[in-house]
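> sequence and predicted structure, then a few things I'm wondering about:
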Amino acid sequence: MAIEPPPGFRSSGEPPSGTRIVLIRHGEANCNVAGLVGGPVGCSGLSELGRRQATALRERLAQTGEMSDVTALYSSVLPRAIETLAILAPALPPLDPETDCDVCEMHPGEADGLTWDEMIATFGGVDWDVDPEQPFSPGGESWSGMSRRVRAALERLGERHEGERIIIATHGGVIEHAMKWAQGCDDGVRLQLRTEHCSMMELELTARGPQLLRYNDRAPLPAR
């Protein structure tokens, strides 16, 4: 076992002991491949590659047992997240998953199911760097609005499962807003992360606020 530097010199935190939230991005989806706005209308589940990605992560989790202490499973209501969690389930504790719309990708409004070109032609584009309160399309959500929704959802689930570790099968946008929460960013900030399909992000909720434990952790087994 490595010997840590004294606290005044140490850059790493204490071993995690608080509430932990593991966010898993779904595998590649059919809407990703087809270039569709993937809300409830546009999402039809995972592509063949997406199912292979989820299977690879399941095999890792089965071998490592690293999620054996999880006490609750959640997913967004979108088929790509539900299907990802179903593929992972055999490597997780036998729990009944719960869907929660508050951990969905951005609510797209009237653009749902359109191709990106059709969306731009019909509604025009958005520039959230200029106006983060601009809705995705009529009836849709804004970047800042999604940020507020995600933070509230993670706080709510963290309080519900205080001292436990939970898994949420979710989306790249949700993970970006969770990262902003951990970094203390304002709602309108855009990090423009490259969050990979079927990667894991983990937060520990502490008295000092959320602390990042991992990001973009994917299927290959860790070195031992």
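Thanks, I have the structure now.
> and the nearest residue to Ser12 once chain neighbours are set aside, how many neighbours?
Spatial nearest neighbour of Ser12, excluding adjacent residues (C-beta to C-beta, 6 or more residues apart in numbering): Glu4 at 7.3 Å. The C-beta positions use only the backbone N, C-alpha and C, and glycine is treated the same way. Using other C-beta atoms under 10 Å, Glu4 has 10 neighbouring residues.
> what's the answer for the one 3 residues further on, then?
As a burial measure, the neighbour count of Pro7 was computed by other C-beta under 10 Å and equals 7.
> so it: helix, strand or coil?
Here Pro7 is coil, with the state taken from DSSP: H, G, I helix; E, B strand; the rest coil.
> going forward, count from 5.
Taking 5 as the first residue, the last one we looked at is Pro11.
> quick check: the residue nearest to Ser16 touching Gly17?
No - at 10.8 Å, Glu8 does not count as touching Gly17 under the criterion of C-beta atoms under 8 Å.
> per-residue confidence at the residue nearest to Ser16?
Looking at Glu8, its pLDDT is 74.
> also the one 5 residues further on?
Among the per-residue scores, Phe13 shows a pLDDT of 74.
> ok, it to Ile7 distance?
Phe13 is 12 Å from Ile7, where distance means C-beta to C-beta, to the nearest Å.
> compare these two and say which is more crowded by neighbours.
Per other C-beta under 10 Å, whichever of Phe13 and Ile7 has more neighbours is Phe13, with 7 against 4.
> show me which strand runs longest in this structure.
strand 213-221 (DSSP state E).
> stretch 121-136: end-to-end distance?
Length of stretch 121-136, first residue to last, C-alpha to C-alpha, to the nearest Å: 21 Å.
> model confidence over that stretch, on average?
Per-residue scores along stretch 121-136 average to 95.
> nearest residue to Thr119 other than its sequence neighbours?
In space, Thr119 is closest to Gly39, 5.3 Å off (C-beta to C-beta, 6+ apart).
> pull the number of nearby residues for that neighbour.
Other residues close to Gly39 by other C-beta under 10 Å number 14.
> quick check, pLDDT for it.
pLDDT, Gly39: 97.
> just the helices in this structure please.
34-38, 52-68, 83-92, 120-127, 147-164, 176-187 (DSSP state H).
> state the distance from the residue nearest to Ser16 to Ser203.
28 Å.
> cool, Leu27 as well?
Applying C-beta to C-beta to Leu27 and Ser203 gives a distance of 9 Å.
> between the two, which one's more packed in?
Of the pair Leu27 and Ser203, Leu27 is the one with more neighbours under other C-beta under 10 Å, namely 27 against 20.
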